[in-house]
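Chemist: I'd like to go over a predicted model; first the sequence, then the structure.
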Amino acid sequence: MERKSKAGRALGTWALLLMTAAMGFGCVSMQPEKPKTLTATERGTVLFLDKYEFKNPPQDWALMKNLEGGDFELGFMKMERGEFPSQTTFMYDDQPYGSSQDLEKRAQYYCTRFLFNSGIDLRVTKKENLILDGREAIVLSMEGENLSRNEKARSKVYLVKKGNWVVSFVCTQWRPMNAAYSQEPFNDFEAFVRSFKFLKKDFYENFEDELNKAGL
């Protein structure tokens, strides 16, 4: 009888553990799924968290995302053949350097801060004003070198007026000093910028709406 009693308690313990595990898995499965970061559309574009729509770059670009605040909200990186640092990144940033709502002043300040911590001696090679999807924009082309680290960088920056605020699109290509730049990644960046659509009002636009409602 003693042996049977011990066996019964053992089976009861295992049954309890199995039930607990099943309940645990059940709770996990009942939790809501996280939304997909990128969702394809029938238009040959993708949606980013239902906030932005744009043409997805080729598969050799890896998605970078910063959903909890930081230097940017979304971007892409492409590791390229060659010695370090052969790579290109581009991103959308809703909080570019500076605070002025004037595009010219914002561009001037931006140039003093961009790549500041990299040691790159940066210079503007071209600056142009244009209209991008109905919005005023300034486009900056820049290049620079860091001889002590044997690296150089080429960048293209769009500063775009969005309502009363300024947002940016930034592409930077890194190369060792003796390597040539590649135009193809910049072409992918251009396709991204030109196809970019805002699907929802951002924090600043909603904030401005609340101020207008309050008569401030």
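Modeler: The structure has been received and is ready for your questions. For clarity, every value in this text was computed on a predicted model and none was experimentally measured. Numbering: from 1, shown residues only.
Chemist: what's next to the helix or strand containing T89, contact-wise?
Modeler: With elements taken from DSSP states H and E, the one containing T89 is strand 87-93. Under the criterion Cβ atoms under 8 Å, 6 or more residues apart in numbering, residues 52, 64, 71-80, 167-174, 182, 185-186, 188-189, 192, 196 lie in contact with strand 87-93. Where you see a C-beta, it was placed from the backbone N, CA and C, and this is true even at glycine.
Chemist: Could I get the contacting residues of G75?
Modeler: Going by Cβ under 8 Å, 6+ apart, G75 touches L63, M64, K65, T89, F90, M91, Y92.
Chemist: now do Q173
Modeler: Counting by Cβ under 8 Å, 6+ apart, Q173 touches Q87, T88, A153, R154, S155, Y181, S182, P185, F186.
Chemist: cutoff 10 Å now
Modeler: Residues in contact with Q173 (Cβ atoms under 10 Å, 6 or more residues apart in numbering) are 78, 80, 85-90, 143, 152-156, 181-183, 185-186, 189.
Chemist: Buried ones among those residues?
Modeler: The neighbour-count criterion (16 or more other Cβ atoms under 10 Å) marks 78, 80, 85-86, 88-90, 143, 152-156, 182, 185-186, 189 among those as buried.
Chemist: Tell me which entries of the residues you listed lie within helices.
Modeler: P185, F186, F189 (DSSP state H).
Chemist: which among those gets closest to N56?
Modeler: Proximity to N56 was ranked across those by Cβ to Cβ; first place goes to F189, at 12.7 Å.
Chemist: Doesn't Y204 lie inside a strand?
Modeler: No: read with DSSP: H, G, I helix; E, B strand; the rest coil, Y204 is helix and lies in no strand.
Chemist: Let me know the distance separating the residue nearest to G44 when sequence neighbours are not counted from E128.
Modeler: Among residues not flanking G44 along the chain, K55 sits closest, at 7.0 Å (Cβ to Cβ, 6 or more residues apart in numbering). Per Cβ to Cβ, to the nearest Å, K55 is found 22 Å from E128.
Chemist: Is the closest residue to N164 other than its chain neighbours in a helix, a strand, or coil?
Modeler: Nearest in space to N164, with sequence neighbours left out and distances taken as Cβ to Cβ, 6+ apart, is Q101 at 5.6 Å. Classification of Q101 using three-state DSSP returns coil.
Chemist: Run a quick check on Q101 versus V166, I expect a contact.
Modeler: Yes: with contacts defined as Cβ atoms under 10 Å, Q101 counts as touching V166 at a distance of 6.5 Å.
Chemist: Partner strands of whichever strand or helix holds T125 and their direction?
Modeler: For T125, the element it lies in under DSSP H and E is strand 121-132. Note on strand 121-132: by DSSP bridges, its sheet partners are strand 135-146 (antiparallel).
Chemist: can you tell me the average pLDDT over the strand it pairs with?
Modeler: Mean pLDDT, strand 135-146: 98.
Chemist: Give me the buried stretch members for that strand, please.
Modeler: Within strand 135-146, the residues that count as buried by 16+ other Cβ under 10 Å are A137, I138, V139, L140, M142, E143, G144, E145, N146.
Chemist: how long is stretch 108-127 end to end?
Modeler: For stretch 108-127, the separation between the terminal residues is 11 Å (Cα to Cα, to the nearest Å).
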